[in-house]
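[1] The following comprises the amino acid sequence and a computationally predicted model.
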Protein chains: 2
Amino acid sequence: MDRKTATIQDVARIAGVSTATVSRTLSKPSVVAKSTREAVLDAVAETGYRVNATASNLRRQRTGTVIVLLPNLANPFFSQILAGLASVLTPAQLGMLIADTQSGPDPEERLRHYLTSGQADGLILLDGTLSPEALAIPGRPPVVLACEWMGHDLPSVRVENARGAALAVGHLARLGHRRIGHVTGPRGNVLTETRLEGFCAALQELGLPLDDHWVLEGDFSMDSGAAAGRAWLGMTDRPTALFLSSDEMAIGFLGEVQRAGIRVPEDVSIVGFDNIEIAQHLSPGLTTIRQPRTQIGVRAAELLLAMIETGSLTGPSELIEVEFIVRGSAGVPPA
Amino acid sequence: MDRKTATIQDVARIAGVSTATVSRTLSKPSVVAKSTREAVLDAVAETGYRVNATASNLRRQRTGTVIVLLPNLANPFFSQILAGLASVLTPAQLGMLIADTQSGPDPEERLRHYLTSGQADGLILLDGTLSPEALAIPGRPPVVLACEWMGHDLPSVRVENARGAALAVGHLARLGHRRIGHVTGPRGNVLTETRLEGFCAALQELGLPLDDHWVLEGDFSMDSGAAAGRAWLGMTDRPTALFLSSDEMAIGFLGEVQRAGIRVPEDVSIVGFDNIEIAQHLSPGLTTIRQPRTQIGVRAAELLLAMIETGSLTGPSELIEVEFIVRGSAGVPPA
DNA sequence: GTGAAAGCGCTAACAT
DNA sequence: ATGTTAGCGCTTTCAC
C-alpha cells in the first residue's frame, strides 16, 4: 500500500501515543498498560511497521551481526558448520556476515579489519592459520574459535584431533598393519600438526616404525589426495595402510589407486578423517573419524552468544568428541 | 590505545577541520584540497578511525547488506555459488547475510520477512520452490534469482538445464543405448521439471522409448541416488543407462550398484549433472554436465549490484552455458 | 504508565 | 574548498 515503509512516528501518531511507548511496547510489552499495548499493536498491524534495524543498532551501539571468517567458502566442509551457526544465531536476531580469508591478499589484515571496523558484535573464526597476534586489538568484540589455533587461551570449540588420529592408527594396528603411512594437511595448519602429532605418538606407543617417506604432505583437497596416491604407487617400499588427514584426500587417493588397478582394502587400507556425507556412499565405504560439524557450529554460536550478552571477552572452551566409523576401506594387510 | 573507537568528531578536531570535510575526504578525496586531505588522513591514521557503518547506513538510507536466501546451507552445492557472490559483493562493500529457508517453519514467510524488514539493499534467491507471489511486495528491494523459478519475469541467472539433459541423452544414444532411465530431483522443484522435460523431449526427438518405470524420483541427495540404485537392481527390465539429475545422486547410485557387484560402465552407464569436484575423482570418473557455479554467483551478484546502484527493480536475465564432460561412467551398452 | 527530549555517528544539502 | 546544520529512525534516561 504505502509507498515507503512506516516509521515509529507513524505508528505513534496512529496509536495516539509517543514514540517511546511504541518502542517499549515492542521491546518490553509488560511495562505498558494492556489497553495502550493493544492500540499500538493495532497501529503496527495497520501500517505494517517493522523496526528499522539500522537505527535501532545505531542507538543501541550494536550491529546485530556476527562475522564468520573462514578460509575458503567453496569448501563444503564448512557448510554444515555454517548451518549449525545459523540455527543458533538466526533465532537470536543476529545475522551472519560470512567472509572468506583466502579471497583477499592479506588474511590477517582482513581479520584486523573486521575486528576494528565495529561492524560486528562478535566474530567466529574458522581459520586456524591466522596468528594470535592479530587478535590483540583493544576494544575488539568477543571472538570464538571453532578450529584449532596457535594460542590456546581463547574461548573455542575444538575437536579431539589427536585422539582421532590415535583411533585410526589403533584400528589399523589391530588389523595387523605394521607399515602405516600418513597424508597430512598443509604444513603450518594447526589441524595438520595436531593430527600428525597424534599419529606419531600412537605409532610410537604401539612400537610401530615411522618412516619419513611414508608421511606425505597434502592440503586436504581431493587433488592432493590423488597426488598422494600417485606417490604411493611409485614407492618401492609401500606402506600397507594409510591414515589421511581428511576424507577429501582419502577420496582422491582411493580414486587414483583404484584406477591403477589397486584393490581397496585388499591391497591397501585407508582411513580418512571427517566422515563427510559421501564417505558412506563410496565403494568400498570409507572408514573414517566422525566430526560432528553441525554441533561444532551450534556450540560455537552458543558460546559467542553468551559472551555478547554478558559483554565478556572470555569464556569456556569446549572439546567435542570424535567417533571412529568402521566401513570397508580398511582391512587386514596383504599377505 | 584508546579505550573506545574514535568518531568522525575526534578526527575533525585533531585535523582542525569540520566533520563534513572528514567525511568528504574519505568518500570523495578529489574534492578536498591536498593539504587538508593530508591533515585529515594523518588524523585518521593517528586515531585509527574507521567509519561507523551503522551510522553511515542509517544516514544514507541503505543497509550495506545483501540477503542470500538458499534452501539448505548444509548442501555443498551452494558453497561455490556463495564464493562467487562474495567475490563481487565484498569489494563493493556489501556484506552477505545468509539465510536458510529450510531451518524455519514457513519459507515464504521468511522471504516476506526479509523483503519487508528493510534489512537489506537487495536479495539473491537460490531457492526455486518459493512461489512468485511472495515477491509481490511494495517497496521491496531488488531481487535476483540464481535459480530456476516459476514466474520467469524477474532478473535471473539461469543455466541451460533442458539442454544439459538433452546432451546427456544424446551422448548415451550415440553410444548405442536405447533403454535410458532417469532419476529426477524432488517433484515440484523447477530444476527437476526442466531437466525432466529436456530428458523426455530428447528421447522423443531421437525416437527412443520412454518407460514410466524408468523414471525414478529422487531428491538430489546421495541417499536418494542409492535408493534409486536399489530400485534399479530390483528391476526385471533394467535400462542400460541412466541420466541422474544431480552428481550427488549419481554418486549414491554408483556406490550402491558397485557394492552389489555391478560394473560401471560395462553393466550400466551413468551420467550425472553438476560436475561437482568429486566427479573426476571417482572410479570410474563420472560423465556429467558442468554448471559453472562460481560464475553463476558472480553474475548474479553483478546483476544485483547494477540494480542497487541504479535503484531499479528490473534488469536483464542471463542464461549460462553448460558443458558436457565425458569421463568413464558411460560406455557402450552390454551385449 | 507515559511523554519529552537528547542524542547514537554519520552524510548531504545549503551556505559561504 | 570548507563549514553549518539538519536530520536518518530509534531507544532511553529523566520527568511527571
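    Perfect, thanks for sending it.

[2] Could you point out the helix or strand that follows the helix of greatest length in chain A?
    Ordering each helix of chain A by length in residues (DSSP state H) puts helix A:293-310 first. Read in the C-terminal direction, the helix or strand following helix A:293-310 is strand A:318-320, with elements assigned using DSSP states H and E.

[3] roughly how far apart are the one residue in chain A that gets nearest to chain B and B:Glu309?
    Closest approach between chain A and chain B, counting by CB to the nearest CB: A:Pro76, at 2.9 Å. From N, CA and C alone the C-beta is placed, and that goes for glycine too. According to CB to CB, to the nearest Å, A:Pro76 and B:Glu309 sit 32 Å apart.

[4] who has more neighbours, these two?
    A:Pro76 (22 against 11; other CB atoms under 10 Å in any protein chain shown).

[5] average model confidence for stretch A:78-97?
    Averaging pLDDT along stretch A:78-97 gives 86.

[6] Any idea how far apart the tips of that stretch sit?
    Length of stretch A:78-97, first residue to last, CA to CA, to the nearest Å: 14 Å.

[7] on that earlier part again, for the closest residue to the residue of chain A closest to chain B other than its chain neighbours, what are its contacts?
    Of all residues beyond its chain neighbours, the one nearest A:Pro76 is B:Pro76 (2.9 Å), with distances taken as CB to CB, 6 or more residues apart in numbering or on different chains. Taking CB atoms under 8 Å, 6 or more residues apart in numbering or on different chains as the definition of contact, the neighbours of B:Pro76 are A:76, A:79, B:276.

[8] A:Leu286 too?
    With contact set as CB under 8 Å, 6+ apart, A:Leu286 has these partners: A:247, A:250-251, A:254, A:270, A:272, A:278-280, A:327, A:329.

[9] what does A:Val88 give?
    Contacts for A:Val88 were tallied using CB under 8 Å, 6+ apart; they are A:297-298, A:301-302, A:305.

[10] hmm, try it at 10 Å
    When contacts are counted by CB atoms under 10 Å, 6 or more residues apart in numbering or on different chains, A:Val88 is found next to A:66, A:94, A:297-305.

[11] now these in a markdown table, with distance to DNA strand D?
    Formatted as a markdown table, the entries for the contacts of A:Val88 read as follows, by distance: CB to the nearest atom of the strand, whole Å:
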| residue | distance to DNA strand D |
| --- | --- |
| A:Val66 | 19 |
| A:Leu94 | 15 |
| A:Gly297 | 28 |
| A:Val298 | 27 |
| A:Arg299 | 28 |
| A:Ala300 | 27 |
| A:Ala301 | 23 |
| A:Glu302 | 23 |
| A:Leu303 | 24 |
| A:Leu304 | 20 |
| A:Leu305 | 18 |
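
[12] Neighbour count added to these, as TSV?
    Putting the contacts of A:Val88 into TSV (neighbours: other CB atoms under 10 Å in any protein chain shown) gives the following:
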residue	neighbour count
A:Val66	26
A:Leu94	24
A:Gly297	29
A:Val298	20
A:Arg299	20
A:Ala300	29
A:Ala301	29
A:Glu302	18
A:Leu303	24
A:Leu304	29
A:Leu305	20
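
[13] among these, which are within reach of chain B?
    By CB under 10 Å from any CB of the partner chain, the members of those lying near chain B are A:94, A:297.

[14] Who are the contact partners of the spatially most central residue of chain A?
    In chain A, the residue lying closest to the centroid (CA atoms, centre = their mean) is A:Ile81, at 4.7 Å. Residues near A:Ile81 by CB under 10 Å, 6+ apart: A:68, A:70, A:124, A:126, A:146-147, A:157, A:291, A:293-298, A:300-301, B:73-74.

[15] tell me which element it falls in.
    With DSSP H and E as the criterion, the answer for A:Ile81 is helix A:77-89.

[16] A:Leu208 reaches A:Val169, doesn't it?
    Yes - because the distance of 7.6 Å satisfies CB atoms under 10 Å, A:Leu208 is recorded as touching A:Val169.
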